[in-house]
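In: Sequence and predicted structure are below.
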Amino acid sequence: MTDFAKKIMITGGAGFIGSHVVRLFVQKYPQYFVVNVDALTYAGNLENLRDVEMASNYKFEKADINDEKGITALFEKYRFDGVIHLAAESHVDRSIIDPLSFVKTNVLGTASLLNISLKFWKNNFDGKLFYHVSTDEVYGSLGADGFFTEHTAYDPRSPYSASKASSDHFVMAYHHTYNLPVIMSNCSNNYGSHHFPEKLIPLMINNIKNNKPLPVYGKGENVRDWLWVDDHARAIDTIFHKGKIGDKYNIGGFNEWKNIDIVYLLCSIMDNKLGRNAGESSKLIEFVKDRPGHDLRYAIDATKLHKELGWEPSLQFEEGLEKTVDWYLQNEDWVKHVTSGDYQKYYNQQYAKK
Ligand code: NAD
Ligand code: TYD
């Protein structure tokens, strides 16, 4: 273990974004030892990391970030230099059904992780870093114009975004109060492979494929700013290595889309790939009851990250969406595994006709 230049704990590494971050760090930095700490909730799946599970600089540890004893034992065992914290409850609709589980993992879990990091690092902060991965949703909702910058005041409006905002505040409070070396980033909506099919894009792909209704909330006019998940992972890599301690960075692709336009685009890509007539899949679109408190528009200004650290997105949305569809069509077993059990229960509850 002493042979490694850094020992890094990545929390939530079995989830959607976390698995892309783990893969990138394990493959790009053989000199680092990466420990993926994940509780394997419904959203965590070790199948996401098949291709790196045998790597000599990688280890999985099943643990809940709220388990103070368990996480302390991992710090004792590995003597981490860095934490990249992604573990969270991440789905807005679930946060509306069960807000307290979001408080528990996102707020209390993050605070506990900060506390343990401080305990182990406080005598020597040199070379240590707590990197907190957050979302643009903490900034609230935009009207037709404007962008979220790093100076936009927080205005979270869903239990999910409120819990992430609270965790962000704790991260900064640990820096200002105890000098804990922290960095934070707030990213827009991600898309790509291994995305759990409760979120818009993979849910629509799965339903189009299975000829199931495509539930568009409200009129489908809400706007999100979409980023290819590997571009997010690259941004985390850049910020982890070059970012300024105590600072925060917005990550986004300057890529705004109305939900309904994405659904039409997916229908057309899939008509093509599945050999259906043009327009066939879009007949599945159903406008359903809107999400309560549905944020109208998110748009990230990622100029700081580009200017200060040189990061920029690599993929155009249409190309990324096509690659994403290909991945889901080629990985039907993955979809089958994650859409059994808890998924079915959640789906029936969320989309029951009211
Ligand atoms: P995800 O739901 O796909 O994965 C979350 C992972 O965390 C899962 O592997 C789960 O098992 C694990 N986890 C949950 N609770 C845990 C606990 N108590 N202890 C240990 N592990 C636990 O989420 P994601 O979409 O990959 O998001 C990852 C992070 O990025 C989150 O912090 C999220 O807020 C943030 N983020 C997500 C997006 C997005 O578009 N998905 C955008 C910006 C920021
Ligand atoms: P989602 O993927 O849940 O991400 P977030 O709420 O974090 O942005 O939803 C993206 C957008 O798609 C959001 O405006 C809600 C909408 N949406 C639907 O219209 N239908 C659906 O079934 C889902 C899951 C989302």
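Out: Sure, I can see it. Ligands and ions are numbered 1, 2, ... in the order given.

In: The host helix or strand of Gln27 close to ligand 2?
Out: Here Gln27 sits within helix 16-28, counting by DSSP states H and E. No. Figure legend: helix 16-28 not in contact with ligand 2 (Cβ under 6 Å from any ligand atom); closest approach 10.7 Å. The C-beta positions use only the backbone N, C-alpha and C, and glycine is treated the same way.

In: can I have that helix written out in CSV, keeping just the CAs?
Out: What follows is helix 16-28 as a C-alpha-only set of coordinates in CSV (Å, rounded to 0.1, in the frame of the first residue of the first chain):
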residue,chain,number,x,y,z
PHE,A,16,-23.9,6.1,-12.5
ILE,A,17,-21.3,9.0,-12.4
GLY,A,18,-19.2,7.3,-9.7
SER,A,19,-18.5,4.3,-11.8
HIS,A,20,-17.2,6.5,-14.6
VAL,A,21,-15.0,8.4,-12.1
VAL,A,22,-13.7,5.2,-10.6
ARG,A,23,-12.9,3.8,-14.1
LEU,A,24,-11.1,6.9,-15.2
PHE,A,25,-8.9,7.1,-12.0
VAL,A,26,-8.1,3.4,-11.9
GLN,A,27,-7.1,3.3,-15.6
LYS,A,28,-5.4,6.7,-15.9
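
In: What helices and strands are in contact with it?
Out: Counting contacts by 3 or more Cβ pairs under 8 Å, 6 or more residues apart in numbering; DSSP states H and E, helix 16-28 packs against strand 6-11, strand 32-38, helix 229-242.

In: Buried residues, the next helix-or-strand element following the second one. List them.
Out: As assigned by DSSP H and E, the chain's next helix or strand after strand 32-38 is strand 58-62. If you call a residue buried by 16 or more other Cβ atoms under 10 Å, then strand 58-62 has these buried ones: Tyr58, Lys59, Phe60, Glu61.

In: Over to stretch 125-145?
Out: Buried residues in stretch 125-145, defined by neighbour count with 16+ other Cβ under 10 Å: 128-142.

In: Now do the phi/psi pair for the closest residue to ligand 2 within the stretch 251-354 of the chain.
Out: Taking Cβ to the nearest ligand atom as the measure, the point where the stretch 251-354 of the chain comes nearest ligand 2 is Asn259, at 4.5 Å. Phi and psi for Asn259, reported as degrees, to the nearest 10, are phi -50, psi -50.

In: Would you mind measuring from it to Ser314?
Out: 24 Å (Cβ to Cβ, to the nearest Å).

In: got the contact list for the residue in the chain sticking out farthest from the centre?
Out: With distances taken as Cα atoms, centre = their mean, the residue sitting farthest from the centre of the chain turns out to be Asn277, at 34.5 Å. Neighbour list for Asn277: Asp271 [criterion: Cβ atoms under 8 Å, 6 or more residues apart in numbering].

In: In contact with the residue of the stretch 1-150 of the chain found nearest ligand 1, which residues?
Out: Nearest to ligand 1 in the stretch 1-150 of the chain, going by Cβ to the nearest ligand atom, is Gly15, at a distance of 2.1 Å. Residues in contact with Gly15 (Cβ under 8 Å, 6+ apart) are Asp38, Ala43, Gly44, Asn45, Asn48, Leu86, Ala87, Ser90, Phe196.

In: What of Met9?
Out: Met9 neighbours (Cβ under 8 Å, 6+ apart): Val35, Val37, Leu74, Phe75, Tyr78, Phe80, Gly82, Val83, Ile84.

In: Identify the residue nearest Trp216 in space, chain neighbours excluded?
Out: You called it Trp, but residue 216 is Val. Phe287 (5.3 Å; Cβ to Cβ, 6 or more residues apart in numbering).

In: Would you double-check that that neighbour falls in a strand?
Out: Yes. Counting by DSSP: H, G, I helix; E, B strand; the rest coil, Phe287 falls inside a strand.

In: Neighbour count: Asn259 and Ser314, which is higher?
Out: A count of neighbours by other Cβ atoms under 10 Å puts Asn259 above the other of Asn259 and Ser314, at 20 against 12.

In: Go through the helices and strands packed on helix 16-28 and name the closest to ligand 2.
Out: Proximity to ligand 2, assessed across the helices and strands packed on helix 16-28 by Cβ to the nearest ligand atom, is greatest for helix 229-242 (12.7 Å).

In: Check whether that closest one comes near ligand 1.
Out: No. Applying Cβ under 6 Å from any ligand atom, one finds helix 229-242 separated from ligand 1 by no less than 7.2 Å.

In: For that helix, what is the distance to the chain centroid?
Out: In terms of Cα atoms, centre = their mean, to the nearest Å, the gap separating the centre of helix 229-242 from the centre of its chain is 13 Å.

In: what's the straight distance from one end of stretch 97-113 to the other?
Out: In terms of Cα to Cα, to the nearest Å, the two terminal residues of stretch 97-113 are separated by 26 Å.
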